[in-house]
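> what shape does this take:
(one chain, ligands or ions: 1)
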Amino acid sequence: MTAEPVIDRHDSPTTAGTPSTVRASLSPSRAADFKTCPLLYRFRSIDRLPERPTVEQARGTLVHAVLERLFDLPAAARTPQSAGDLVAPQWDRLVTEQPELATLFAADDPAGAAEFLRSAAALLQGYFAVEDPRRLEPAEREALISAVVDEELLIRGYLDRLDVAPDGALRVVDYKTGGAPREAFEARALFQLKFYALVLWRTRGVVPRVLRLLYLKDAEVCDYTPDAEELLRFERTVVALWQAIEQATARQDFRPRPSRLCDWCSHQALCPSFGGTPPPFPAAGAGDPLTDARSRPVAPGADE
Ligand code: SF4
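All right, here's what the predicted structure looks like:
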């Protein structure tokens, strides 16, 4: 197994600088989709079926946006009050950028929208219960990181935050805002964090010391410490996963795998496990894997 470093900064999902051997890219969200349910992967990555945002996803997107902006402020100003003051302007910005978010609340339901903003502010209070942002200077926020593994697979994803200690130790931080039962999503969240850890290890030569999940609703912290052997195994898993995706694509065979996560799936009406019929397999297949428009969730926090 070999790996070459490639790192793209922030919101530029470019393939510039990518070795010519690279044939495909895979994000943690899409990899986790295939692991969870191959048919879900197909619906999202090949059929690219639209998914109407839910209030919960929108709240996650908003909270992520506020937490990113919070660190633009001088350290002393990163207070609960400042975070609360960012909620409404960030929501206005998101609605401007993603007009479909405006459809979540009826025009004649200002109380619904106001309650939504209040619930986002409440989640931010959960954040302040577990961290003091005045004591932190993140090295990266909402950063796109990527690495090539197995010479031909580009793995990439946006991490919420990366902290670098004075001794060079890395801590990957992921904010979780979902209200769904945590156990239903924890394996997926850890998979995502290991994905980032693998990219960082391959690009910086350092195994992150801590992978941290911050559960804002419960105001809880879940830390995980990976090691190089585990990441090597994980790399093999990711490559095997990609090979399985390629085989399924060649056979046009993506089977449903029902689980508790079906309750959060937007595509039950098309799923044979729920009496539906998938649309015909797209003639163009997955298209150009290097321009996978769905390699990022619709917005930070949107896939929780
Ligand atoms: S409803 Fe469940 S089994 Fe069907 S596509 Fe969605 S996640 Fe897969």
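> quick one: name the residues of this structure near the ligand.
37, 39-40, 256-258, 261-262, 265, 267-268, 271, 273-274 (CB under 6 Å from any ligand atom). In this view, the C-beta of every residue, glycine as well, is placed from N, C-alpha and C.
> which of those scores worst on pLDDT?
Here the lowest pLDDT out of the residues of the chain next to the ligand sits on Leu261, with 88.
> elements contacting the longest strand along the chain?
Scanning the chain for the longest strand, with DSSP state E as the assignment, gives strand 153-164. The elements that strand 153-164 packs onto, with contact taken as 3 or more CB pairs under 8 Å, 6 or more residues apart in numbering; DSSP states H and E, are strand 24-26, helix 28-36, helix 55-70, strand 140-149, strand 170-176, helix 182-204, helix 228-251.
> can you add mean neighbour count, mean pLDDT and distance to Trp91 and give those back as a markdown table?
Output for the helices and strands packed on strand 153-164, formatted as a markdown table (neighbours: other CB atoms under 10 Å; pLDDT from 0 to 100; distance: least, CB to CB, whole Å):
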| stretch | mean neighbour count | mean pLDDT | distance to Trp91 |
| --- | --- | --- | --- |
| strand 24-26 | 21 | 91 | 31 |
| helix 28-36 | 22 | 92 | 23 |
| helix 55-70 | 23 | 95 | 6 |
| strand 140-149 | 21 | 94 | 17 |
| strand 170-176 | 22 | 95 | 17 |
| helix 182-204 | 20 | 88 | 24 |
| helix 228-251 | 15 | 96 | 35 |
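> picking that back up, give me the sheet partners of the longest strand of the chain and which way each runs.
In the sheet, strand 153-164 lines up against strand 24-26 (parallel), strand 140-149 (antiparallel), strand 170-176 (antiparallel) (DSSP bridges).
> just the buried ones out of the residues of the chain next to the ligand, please.
Cys37, Leu39, Leu40, Pro256, Leu261, Cys262, Cys265, His267, Cys271 (16 or more other CB atoms under 10 Å).
> please identify which helix or strand holds the fourth one.
It refers to Pro256. Under the criterion DSSP states H and E, no helix or strand holds Pro256.
> you'd agree Thr61 is up against Arg93?
No: checked against CB atoms under 8 Å, the pair Thr61 and Arg93 is beyond contact range at 10.8 Å.
> tell me how many other residues crowd Pro133.
20 (other CB atoms under 10 Å).
> distance check, it against Pro80.
10 Å (CB to CB, to the nearest Å).
> cool, and Leu231?
For Leu231, the distance to Pro80 - CB to CB - is 36 Å.
> show me the shaky parts of the stretch 1-150 of the chain.
Scanning the stretch 1-150 of the chain with the threshold set as pLDDT under 70 gives 1-19.
> just put the helices and strands packed on strand 153-164 in a markdown table and tack on distance to Asp85.
Output for the helices and strands packed on strand 153-164, formatted as a markdown table (distance: least, CB to CB, whole Å):
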| stretch | distance to Asp85 |
| --- | --- |
| strand 24-26 | 38 |
| helix 28-36 | 31 |
| helix 55-70 | 9 |
| strand 140-149 | 19 |
| strand 170-176 | 19 |
| helix 182-204 | 29 |
| helix 228-251 | 40 |
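> closest to Ala107 out of these?
For Ala107, the closest of the helices and strands packed on strand 153-164 is helix 55-70, at 16.0 Å, according to CB to CB.
> counting contacts, what elements does that closest one pack onto?
helix 80-97, helix 110-130, strand 140-149, strand 153-164, strand 170-176.
> can we see that at 7 Å?
helix 80-97, helix 110-130, strand 170-176 (3 or more CB pairs under 7 Å, 6 or more residues apart in numbering; DSSP states H and E).
> where does Val206 sit, in terms of helix or strand?
Since the elements are taken from DSSP H and E, Val206 ends up inside neither a helix nor a strand.
> pull the number of nearby residues for the closest residue to the ligand within the stretch 51-200 of the chain.
Proximity to the ligand, evaluated over the stretch 51-200 of the chain using CB to the nearest ligand atom, is greatest for Glu51 at 11.0 Å. Look at Glu51: counted by other CB under 10 Å, it has 15 neighbours.
> any chance of the backbone angles for it?
phi -130, psi 120 (degrees, to the nearest 10).
> can you classify the residue nearest to it when sequence neighbours are not counted as helix, strand or coil?
Distance criterion CB to CB, 6 or more residues apart in numbering; nearest residue to Glu51, sequence neighbours excluded, is Ser266 at 4.4 Å. Secondary structure state of Ser266, per DSSP: H, G, I helix; E, B strand; the rest coil, is coil.
> quick check: pLDDT value at Ser266.
The per-residue pLDDT of Ser266 was computed as 93.
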